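**Student:** output the structure for:
(one chain, ligands or ions: 1)
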Amino acid sequence: MKHERILITGAGGQLGTVLTVELKKKYGAENVIASDLRVNPDFIGHFEVLDATDFDALKRVVLEYEITQIFHLVAILSANGEKDPMNTWDVNMKSFFNVLEVSRLHGIKKVFYPSSIAVFGEDVDMDNTPQDSNLVPLTVYGMSKVAGENWANYYHKKYDLDVRSLRYPGVIGYQSMPGGGTTDYAVDIFHKAVKHETFDCFLEASTHLPMIFIDDAIKATLELMDAPAEKISVRTSYNLSGMSFAPKDVFEVIKKTMPNFEITYKPDFRQDIANSWPNSIDDSQAKKDWNWQPNYNLENMTKVMIEKLELYYNSKLIA
Ligand code: VAH
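**Tutor:** Numbering: from 1, shown residues only. Sure thing, here's the model as predicted:
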């Protein structure tokens with residue numbers, strides 16, 4: 001039987017860094033092609049420099065490596081995305097269109113597309129936001145994800161392309177530095193705590209947001225992609241969550257281990273973005289369809305984040 005050959009676009013990002021490692025464990029390093037605009041100097045293994053907005057370049061990689069599945073992680077996130085809206089739309093949409101078309105034309109078996117809770121706007125139930133809510137996002141990033149979800153559904157219905165998607169909440173991991181996301185305060189706070197520095201939070205203390213620990217985000221991704229096709233009832237994108245908390249909550253849990261840790265609250269433009277997002281998410285459809293169940297909550301995630309980042313800063317190696 002032909003080997004599964006996996007292409008990851010945007011492999012240098014927060015999710016891509018970790019997903020590449022887990023996909024290599026699952027399929028064998030020789031069957032996983034990581035790609036991004038620039039090579040990460042810490043990356044170990046084969047890496048393709050690839051601009052996913054270039055259709056011919058993407059097609060070349062797919063044909064050359066006989067790719068059977070694509071995990072498409074290229075996107076400019078919410079906060080950075082607002083700095084150049086037209087470029088954000090262009091990059092986020094063009095790269096996904098290329099992935100969909102190359103997949104349709106060259107027999108790709110499965111495509112993973114990351115959506116986000118950024119698809120929700122202010123006119124939804126903010127607590128336990130339902131799967132089928134109004135999607136009127138206030139960021140270009142969120143609009144590109146709503147459009148992407150509908151294109152994924154279209155390609156599945158019209159071309160029978162097996163595109164699967166998750167609406168990730170804020171992802172918290174220790175393997176990469178905070179990116180251009182609004183939820184990335186929840187990554188940076190751990191770095192500052194371990195470096196014994198005061199954390200200046202760009203959101204108000206009581207701003208609740210749905211979050212997930214990176215290990216659970218990866219677990220959900222692999223479980224979704226491994227589920228039998230007949231179990232997948234949502235072809236736009238599944239709601240997903242691990243936990244929900246506010247800056248004051250994570251600060252208090254960190255202080256139990258690091259009593260001298262201090263925080264200030266200096267809300268900036270990202271407060272408006274966060275205010276437009278849900279406080280918590282109803283992910284019961286994912287639980288029903290493919291038995292989703294998170295392993296991490298705020299307490300056990302905090303323990304791992306502090307342990308791993310202390311190792312990193314003490315030995316100056318990415319864990
Ligand atoms: C962002 N981390 O903040 C991303 C995510 C739910 C938010 O999509 O933009």
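**Student:** roughly how far does the closest residue to Asp36 other than its chain neighbours sit from the ligand?
**Tutor:** Leaving aside its sequence neighbours, Asp36 sits nearest to Gly12 (Cβ to Cβ, 6 or more residues apart in numbering; 3.9 Å). All C-beta spots, glycine's among them, are computed from the backbone N, C-alpha and C. With distances taken as Cβ to the nearest ligand atom, to the nearest Å, Gly12 is found 15 Å from the ligand.
**Student:** Lys266 now?
**Tutor:** 18 Å.
**Student:** and that residue, what are its phi and psi?
**Tutor:** Torsion angles at Lys266 (phi, psi; degrees, to the nearest 10) stand at phi -130, psi 80.
**Student:** check contacts around the closest residue to it other than its chain neighbours.
**Tutor:** Nearest non-adjacent residue to Lys266, counting by Cβ to Cβ, 6+ apart: Asp200, 5.3 Å away. Listed by Cβ atoms under 8 Å, 6 or more residues apart in numbering, the contact partners of Asp200 are 263-264, 266.
**Student:** my guess is Phe190 contacts Lys303. True?
**Tutor:** No: the pair Phe190 / Lys303 is not scored as a contact, 11.0 Å apart, by Cβ atoms under 8 Å.
**Student:** higher neighbour count, these two?
**Tutor:** Phe190 (24 against 14; other Cβ atoms under 10 Å).
**Student:** could you say which helix or strand holds that one?
**Tutor:** Per DSSP states H and E: Phe190 is located in helix 185-194.
**Student:** and what of Pro210?
**Tutor:** Using DSSP H and E, Pro210 falls within strand 209-213.
**Student:** same check on Val253?
**Tutor:** Val253 belongs to helix 247-257 when assigned by DSSP H and E.
**Student:** partner strands of the helix or strand that that helix is followed by, with direction?
**Tutor:** Where DSSP H and E defines the elements, the next helix or strand beyond helix 247-257 is strand 263-265. Applying DSSP bridges to the sheet, strand 263-265 is found paired with strand 199-201 (parallel).
**Student:** and the helix holding Phe190, average pLDDT?
**Tutor:** Model confidence over helix 185-194 averages 97 on the pLDDT scale.
**Student:** let me see the contact set for whatever residue of the stretch 101-250 of the chain ends up closest to the ligand.
**Tutor:** The ligand sits closest to Gly181 of the stretch 101-250 of the chain, with a gap of 2.6 Å, by Cβ to the nearest ligand atom. Listed by Cβ under 8 Å, 6+ apart, the contact set of Gly181 reads 77-80, 170.
**Student:** again, but for Leu161
**Tutor:** Residues near Leu161 by Cβ under 8 Å, 6+ apart: 100, 103-104, 108, 111, 155.
**Student:** can you rerun that using 10 Å?
**Tutor:** By Cβ atoms under 10 Å, 6 or more residues apart in numbering, the contact set of Leu161 is 100-101, 103-104, 107-111, 152, 154-155, 235.
**Student:** buried ones among those?
**Tutor:** Using 16 or more other Cβ atoms under 10 Å as the burial test, these include 100-101, 103, 108, 110-111, 152, 155, 235 as buried.
**Student:** for Arg60, give its distance to Leu23.
**Tutor:** 21 Å (Cβ to Cβ, to the nearest Å).
**Student:** and the closest residue to Ile218 other than its chain neighbours, which of the three is it?
**Tutor:** Spatial nearest neighbour of Ile218, chain neighbours left out: Glu22 (5.3 Å); criterion: Cβ to Cβ, 6+ apart. Here Glu22 is recorded as helix under DSSP: H, G, I helix; E, B strand; the rest coil.
**Student:** now do the helices in the stretch 201-319 of the chain.
**Tutor:** Secondary structure of the stretch 201-319 of the chain (DSSP state H, counting those that start in this stretch): helices at 214-226, 247-257, 270-275, 284-290, 298-315.
**Student:** circling back: is the residue nearest to Ile218 in contact with Glu223, as I believe?
**Tutor:** No: assessed by Cβ atoms under 10 Å, Glu22 is found out of contact with Glu223, at 11.7 Å.
**Student:** just the buried ones among the contacts of Leu161: which are in helices?
**Tutor:** Counted as lying in helices by DSSP state H, out of those, are 100-101, 103, 152, 155.
**Student:** ok, back up a step: between the contacts of Leu161, which is closest to Thr68?
**Tutor:** Nearest to Thr68 out of the contacts of Leu161 is Lys109 (Cβ to Cβ; 5.0 Å).
**Student:** test my guess that the closest one contacts Val62.
**Tutor:** No: the pair Lys109 / Val62 is not scored as a contact, 12.0 Å apart, by Cβ under 10 Å.
**Student:** what touches both of these two?
**Tutor:** With Cβ under 10 Å, 6+ apart, Lys109 and Val62 have common neighbours 5, 68, 70, 103.
**Student:** among the residues you listed, who's most crowded?
**Tutor:** Counting neighbours by other Cβ under 10 Å, Ile70 leads the shared contacts of Lys109 and Val62 with 27 neighbours.
**Student:** quickly find the element holding that one.
**Tutor:** Under the criterion of DSSP H and E, Ile70 resides in strand 69-72.
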